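Student: please find the sequence and the predicted model below.
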Amino acid sequence: MAPQTSIWASHLILVATACAGIYAFVQKRKRSSKYNVPSDLVNSPYGKEVVVALELALKAGLNMIAYCDEKGTEAEAGQDLEINTKGQPEDFCTRVDIENENLVMEGLLKSFPTHTIIGEESVGNNPLPPLTTDPTWIIDPIDGNTNFASGLPLTCVSIGFCDKKNPVIGVVYAPMTDEVYLAVRGYGAYRNGVKITQRETKALCDAVVCFEFGYARDQEAVDKMVGAVRKILEHGCRTCRCLGSGVLDLCYVATGRLDVVYAGVAGEGWKPWGTSSGVLV
């Protein structure tokens, strides 16, 4: 097969795979209630906002499936994703990050033209804009994008909404594990349409502790993070995990898959798009 023919064949296979994925996803949505907003949240003061945000999160998640499936590999993903660094190799965005952010921003502005939007890729390396009292959406088009680019399934779309500076809506969709997390302040949090109930606390010795190292690479910062993990292990815990998606870390704490998550020991912390939706859940 000639090289040009091989390239076109590869593109056709990708398109066919994407179309098959879209069809399967649509059929699944018809059968499952987890893709619908629970009535408690629909009837909240932010019912319209959470319905629109979920629809956009599902669309953005579907956009990811063609590039990151259960059998995805870093080589395959990297070839198609056009990875661009943000000043250091560890911090980067992909073409799909930008596509997802544009998709979500356009959809939000169409429904809520007077609202403010803060998106990770739009902000880039610029100073973080201040959070005002205006209705403000905070978007992470792909949280856990290193996982995404590597073909690992722990990655998600995160859409948070703040009213008068307070986080009031959290919408998270993890397409590769097909999980939907929804929350409205004062009206409950849900995973796949089932309300998340309050959990009992645990002793540290029984806890699954999650941490994220972030992008700090200088010796002092690395020593702080590694030292924190060492102290937790020395004091005793069931185990430690580093999953690579801050939003999913927080959702997993809510549902009991993890007992505690921390980040920022080295001083850098998490940006708002890495916490706004997950914290609310």
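Tutor: On my side now, so go ahead.
Student: tell me how many other residues surround residue 279.
Tutor: 19 (other C-beta atoms under 10 Å). Bear in mind the C-beta positions are built from the backbone N, C-alpha and C, glycine included.
Student: work out for me the element it sits within.
Tutor: Using DSSP states H and E, residue 279 sits in helix 276-280.
Student: may I have that helix as CSV, with CA atoms only?
Tutor: The C-alpha trace of helix 276-280 is given here as CSV (Å, rounded to 0.1, in the frame of the first residue of the first chain):
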residue,chain,number,x,y,z
SER,A,276,-14.4,24.0,41.4
SER,A,277,-16.7,21.2,40.3
GLY,A,278,-15.0,18.4,42.3
VAL,A,279,-15.1,20.3,45.6
LEU,A,280,-18.8,20.9,45.3
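Student: contact partners of it?
Tutor: 138, 140, 158-160, 162, 167-172, 181, 183-185, 189, 246-251 (C-beta atoms under 8 Å, 6 or more residues apart in numbering).
Student: these, buried ones only, as a PyMOL selection?
Tutor: Burial among the contacts of helix 276-280 is assessed by 16 or more other C-beta atoms under 10 Å; the matching PyMOL selection reads:
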select buried, resi 138+140+158+159+160+162+167+168+169+170+171+172+181+183+184+185+189+246+247+248+249+250+251
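Student: so of the contacts of helix 276-280, which ones are in helices?
Tutor: 246-251 (DSSP state H).
Student: for stretch 206-222, buried residues please.
Tutor: Buried residues in stretch 206-222, defined by neighbour count with 16+ other C-beta under 10 Å: 207-214, 216, 221.
Student: between the residues you listed, which sits nearest residue 61?
Tutor: residue 212 (21.4 Å; C-beta to C-beta).
Student: that older thread, can you put the buried residues of stretch 206-222 in CSV and add distance to residue 48?
Tutor: Shown next, in CSV, are those (distance: C-beta to C-beta, whole Å):
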residue, distance to residue 48
207, 39
208, 37
209, 38
210, 34
211, 37
212, 33
213, 39
214, 35
216, 40
221, 43
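Student: show me those that map onto strands.
Tutor: Among these, the ones falling in strands (DSSP state E) are 208-212.
Student: now residue 160: how far from residue 109?
Tutor: 16 Å (C-beta to C-beta, to the nearest Å).
Student: run through this protein and note the low-pLDDT ranges.
Tutor: Along the chain, the parts satisfying pLDDT under 70 run over 1-31, 69-92, 124-126, 266-269.
Student: can you pull out the strands in it?
Tutor: Going by DSSP E, the chain shows strands at 84-88, 91-93, 116-119, 136-143, 156-163, 166-174, 179-184, 188-191, 194-195, 208-212, 239-241, 260-263.
Student: out of these, which gets nearest to residue 40?
Tutor: Per C-beta to C-beta, nearest to residue 40 of the strands of the chain: strand 188-191, 5.7 Å.
Student: now for that closest one, which elements pack on it?
Tutor: If you count contacts as 3 or more C-beta pairs under 8 Å, 6 or more residues apart in numbering; DSSP states H and E, strand 188-191 packs onto helix 39-42, strand 179-184, helix 246-255.
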